[in-house]
Every structure is written in structure tokens, then in C-alpha cells.
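# Got a predicted model here, sequence first, then my questions.
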Amino acid sequence: MHTGGEPLRIITKGYPPVPGADILAKRRYVRENLDHLRKFLMFEPRGHKDMYGALLVEPSLPDADLAVLFLHNEGYSTMCGHAIIALGRYAVDFGLVAKTEPVTRVNIECPCGLVRASVEVNDGKSGNVTFSSVPSFLFGADYEYQLPDGTIAHYDIAYGGAFYVLADAGQFGLSVQKSGTEALIKMARLLCAHANAQVKLHHPEHDDLAFLYGAILTDGNDANPNVPTANICIFADDQVDRSPTGSGVSARLAAQFAKGHVTLNRKREFESVIGSKFVGEVEAKTTCGSFDAIIARVNGKAHYSGQSQFWLDDDDGIGQGFQLG
């Protein structure tokens, strides 16, 4: 499937059982014992540097209809909004949940917690998906970054199921819509390196969630919710999200709400680097440990793109998966 252009390879069979008392234990197990299968499915010759995957595992939360581990070019994410949107449709269409009209609820257990999706169903056909995410919050604001000419730029760090650096691309002479991805990737890499060196992240619920996943460069339009705002998300090992990034939209909404730029239940449009769109809003205020937090609600649509079966010849070392530098 793909959501707004961002791929999602849903793995339906072929993995061995994944043990673990909870979803984070399962995530640790696949990282330590089954990582060769991630490379087999995500890397060339079957995938590419920007491939993304979803491995369905047994849920541990009583309210969950299914549980998922997210795969990418570097490892395993804790949250992925574009995948939730795709998996909502998939769960309805392939009978993982009972289909009801006009809306079918699908509760998905993610490494960051339980995410509740609502799938529109009309005449038996699934459509747009809206999900309510885990508590999202602004971790810290206005960190300073010095440019080569001595100018001081600023960035925030926010959590939307994963931690992101948020920065206006215009501070660095870049444009989300007009600059090449190579320049945007380079800037994102520098910002992540700076943040990792300067900021010690922590999450109130689990240490496994306390790592910087990537950077989101924006068009700087945080304060005017009446017009769309564009961003590009570069995560993991310089992987570029083609969608507006569901967890990134949640993080951006948390930062915007904390700074007074958006209000409760006020929809705004988020646009990706290829022009695909999600609609996000602040559904409710909440807390996460000592952080003032929000529940973000994000809407989008996923589409089916094909079905594949993969195998490996006994003598095919290259076919185990590789990446070009």
C-alpha cells in the first residue's frame, strides 16, 4: 500500500513467531534476533533505501485489535501515522475486524502505545482513515543552532509517538517546496547531530521511546492555521517521507498548540514534499508525565498498490539485502 506516496509493505506471512510480554519486548526481540529479515524485505533488490514496512504481531493490550512493528532502513520505529492509515483500511478489507458502516473502529497497538483509528465505510468500501494518537508534547523550544556566518537559527523538539527536531527551513536558506532533497537531507542530518549532542531526551513512560527519530523541516507557517503548511520529514538513515508524516503532524500540532498557534478542534492541512495532504487537529488536552500534552487527530487515505511474494535462493548472498551508500 501507500499513503500519500509513502510506501508500506505489510508482511502477512513468513516471519517466525515473535515472543515478548509486550510490544516493546517484541521490538527488542526482532531487532536482536530477526534483523536479517528486515534487511531482506526493506533493502535492495526487493526494496530500496526509502522502503517502509509493517510486521503484524500478537497484541498484548486487551483493547487492541492488532499490533504492529514498524520497519525502515535503519531499524524499528515507535510510531508511524502513514502506516496506521494504511493498516486501518487493510484491517477492514481483509477481515481483521468486523466491518461496520459508516465507521469501523480499529485499535492498533504500536510501540508507543494504543492508537485508535476510525475507517470510513460506504457501501462496503473502505475510505479515509482518521486516527487519534498517543499523547504528544513539546519537549523543548527554541534551541539555538549557529550557522557558519554566525547567525543563530532555532529549532524545537517535539514528540508525536516519536521525537523530532522541528525547524523552519527558511532559516537555512532552504525551501521545502523548491530546494532539492539532497540539501534538505544534509540540513536535517546536521540538526539531528546537534540535537543529539546538546539535548538528553527522556520519555515519561519508557526509556525505549527516548531517542531522536528525525528532523522535520517546515515552511515556517506555524502561526496561520487558515492556510496549509508544508513540511518534509527526514528520519532514520536519511530516509525521506513522501507523505506529510502522521507522527510528525502530531508533533507539529503539539508544538503549535503549546505556542498558542492552534486551538482545540481547529482543522489544518499539512502538505508533503510531493504535495500529498493530511488534515490534523488537536482533539483534546492531556498530560504525559510532567509534560502538558495533546491528543492529535490525523486524517488521510491509503491506496493499494500490489501484492508480492519473495524468496531467497540458497546461494544468493546478494539477495539477503544490500544498500548503496
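Done, it's in.

# Break down the stretch 101-250 of the chain into its helices, ranges please.
Remark: helices assigned in the stretch 101-250 of the chain by DSSP state H, counting those that start in this stretch are 181-198, 246-258.

# If you count contacts, what does the first one end up packed against?
In terms of contacts (3 or more CB pairs under 8 Å, 6 or more residues apart in numbering; DSSP states H and E), helix 181-198 is packed against strand 137-146, strand 152-159, strand 163-168, strand 212-218, strand 229-235. Every C-beta, even on glycine, is put in place using the N, C-alpha and C of the backbone.

# Throw the ones you listed into JSON lines and include mean neighbour count, thanks.
Output for the helices and strands packed on helix 181-198, formatted as JSON lines (neighbours: other CB atoms under 10 Å):
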{"stretch": "strand 137-146", "mean neighbour count": "16"}
{"stretch": "strand 152-159", "mean neighbour count": "21"}
{"stretch": "strand 163-168", "mean neighbour count": "25"}
{"stretch": "strand 212-218", "mean neighbour count": "26"}
{"stretch": "strand 229-235", "mean neighbour count": "26"}
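
# can you put those strands in TSV and add distance to residue 108?
Listed next are the helices and strands packed on helix 181-198 as TSV, based on distance: least, CB to CB, whole Å:
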stretch	distance to residue 108
strand 137-146	21
strand 152-159	18
strand 163-168	20
strand 212-218	18
strand 229-235	20
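
# For residue 271, which of these is the nearest?
Smallest distance to residue 271 across the helices and strands packed on helix 181-198 (CB to CB): 4.3 Å, for strand 229-235.

# what helices or strands is the closest one leaning on?
For strand 229-235, the packing partners by 3+ CB pairs under 8 Å, 6+ apart are helix 181-198, strand 212-218, strand 239-240, helix 246-258, strand 268-271.

# Work out for me the element residue 41 sits within.
Under the criterion of DSSP states H and E, residue 41 resides in helix 35-42.

# Please identify the buried residues of that helix?
The neighbour-count check on helix 35-42 (16 or more other CB atoms under 10 Å) flags 37-42 as buried.

# Send me the helix or strand following it as PDB with only the CA atoms.
For helix 35-42, the succeeding helix or strand toward the C-terminus, using DSSP H and E, is strand 53-57. Output of strand 53-57 as PDB, limited to C-alpha atoms (Å, rounded to 0.1, in the frame of the first residue of the first chain):
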ATOM      1  CA  GLY A  53       7.300  -2.000   6.400                       C
ATOM      2  CA  ALA A  54       4.800  -3.200   8.900                       C
ATOM      3  CA  LEU A  55       5.000  -6.500  10.700                       C
ATOM      4  CA  LEU A  56       1.800  -7.700  12.400                       C
ATOM      5  CA  VAL A  57       2.400  -9.400  15.700                       C
END
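
# Now do residue 26: how many residues are near it, please.
Burial of residue 26 is recorded as 24 neighbouring residues (other CB atoms under 10 Å).

# can I get the CA coordinates of whichever strand or helix holds it in CSV?
Element membership of residue 26, judged by DSSP H and E, is helix 23-33. The C-alpha trace of helix 23-33 is given here as CSV (Å, rounded to 0.1, in the frame of the first residue of the first chain):
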residue,chain,number,x,y,z
ILE,A,23,5.1,-4.7,22.2
LEU,A,24,8.4,-3.1,23.2
ALA,A,25,9.8,-6.5,24.2
LYS,A,26,8.8,-7.8,20.8
ARG,A,27,10.5,-4.8,19.2
ARG,A,28,13.7,-5.6,21.0
TYR,A,29,13.5,-9.3,20.0
VAL,A,30,13.2,-8.7,16.3
ARG,A,31,16.0,-6.1,16.5
GLU,A,32,18.3,-8.5,18.2
ASN,A,33,17.3,-11.8,16.5
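
# before we move on, the earlier item: residue 11: which of the helices and strands packed on strand 229-235 is closest?
strand 239-240 (18.1 Å).

# That closest one pairs with which strands?
Next to strand 239-240 in the sheet, as set by DSSP bridges, lie strand 229-235 (antiparallel).

# got the contact list for the strand it pairs with?
Strand 229-235 is contacted by residues 72, 77, 162, 164, 169, 176-177, 181, 184-185, 188-189, 213-219, 221-222, 240-241, 244-245, 248, 252, 268-273 when judged by CB atoms under 8 Å, 6 or more residues apart in numbering.

# what do you get for stretch 204-211?
Outside stretch 204-211, the residues that touch it by CB under 8 Å, 6+ apart are 24, 27-28, 78, 111-113, 162-163, 201-203, 288-291.

# if you set the cut-off to 10 Å instead, what comes out?
22-25, 27-28, 75, 78-79, 111-113, 134-135, 137, 139, 159, 161-163, 196, 200-203, 287-291, 293 (CB atoms under 10 Å, 6 or more residues apart in numbering).
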